[in-house]
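> need coordinates for the below:
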Amino acid sequence: AVRRTLLGAGLHEAIASTFCSAADAALTAPQPGLVVPLGNPLSEEAGVLRPSLIPGMLTMIAGNLHRDVSDVRLFELGTVFSGTTEKVDERPALAFGAAGSAPEQGALHAARELDFYDIKGVVEQLMTRFDADAYFDRFPADSGLTPEWLHPYRAARVVADGLTVGWFGQLH
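Next up, the predicted model:
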């Protein structure tokens, strides 16, 4: 259902590596200190199991933009990891990202740059699909509660059935 909803919203499915750098992991980990290092990493850029899908999503979007693909809309349904090298916990996760212009909707609605509300609309479509009792909220910029990778004034938290289920917004 998630895949169909996101494909219907105009996103394309992508798959990123399950490894990332320690610096990316430290920036995007939902729980600092629970990053799982590899015993024999392939490289410094792939030294830990990914605690978030964000590093891979950003790499894929940047790769498209560097290859002159100006409108990028991607999602990944994947596994993220936390814990220690002795006990690794796996859980499913979802990330999606977009850059560029919203599609032209006709002669009266020309193409325009994607914005925060386009992403919010996709999140609303997902939450509606599952009949979740969801709402969005944000915190003051100086509260320190917004993830560091999100712009403090252009980010929101998604709460469903009383639990934080995600964050979305513009990159900082």
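> grab the nearest non-local neighbour of the residue nearest the centre of the chain.
When Cα atoms, centre = their mean is applied to the chain, the residue found nearest the centroid is residue 95 (3.4 Å). In space, residue 95 comes closest to residue 53 once its chain neighbours are excluded; the distance is 3.5 Å by Cβ to Cβ, 6 or more residues apart in numbering. Where you see a C-beta, it was placed from the backbone N, CA and C, and this is true even at glycine.
> hmm, who's touching the helix or strand harbouring the residue nearest to the centre of the chain?
According to DSSP states H and E, residue 95 maps onto strand 88-99. Residues outside strand 88-99 that contact it (Cβ atoms under 8 Å, 6 or more residues apart in numbering): 2, 6, 11, 36, 49, 52-54, 56-58, 60-61, 64-65, 71-83, 114, 118-119, 122, 166.
> for it, buried residues please.
93-99 (16 or more other Cβ atoms under 10 Å).
> remind me what the helix or strand following that strand packs against, helices and strands.
Later in the chain than strand 88-99, the nearest helix or strand by DSSP H and E is strand 101-102. The contact analysis (3 or more Cβ pairs under 8 Å, 6 or more residues apart in numbering; DSSP states H and E) places strand 101-102 against strand 112-113.
> strand partners (parallel or antiparallel) of the strand it packs on?
Using DSSP bridges, strand 112-113 pairs in its sheet with strand 101-102 (antiparallel).
> just the strands in the protein please.
In the chain, the strands defined using DSSP state E lie at 12-13, 19-20, 48-49, 72-83, 88-99, 101-102, 112-113, 134-137, 150-160, 163-171.
> adjacent strands (with direction) for the first one?
Here the strand partners of strand 12-13, with direction, are listed using DSSP bridges: strand 72-83 (parallel).
> may I have the strand it pairs with exported as CSV, CA atoms only?
The C-alpha trace of strand 72-83 is given here as CSV (Å, rounded to 0.1, in the frame of the first residue of the first chain):
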residue,chain,number,x,y,z
VAL,A,72,14.1,14.1,-9.0
ARG,A,73,11.4,12.3,-6.9
LEU,A,74,12.6,9.1,-5.1
PHE,A,75,11.5,6.8,-2.3
GLU,A,76,13.0,3.9,-0.5
LEU,A,77,11.4,1.2,1.6
GLY,A,78,14.3,-0.4,3.4
THR,A,79,15.8,-1.7,6.6
VAL,A,80,17.7,0.4,9.2
PHE,A,81,19.9,-0.8,11.9
SER,A,82,20.7,0.1,15.5
GLY,A,83,22.2,-1.6,18.6
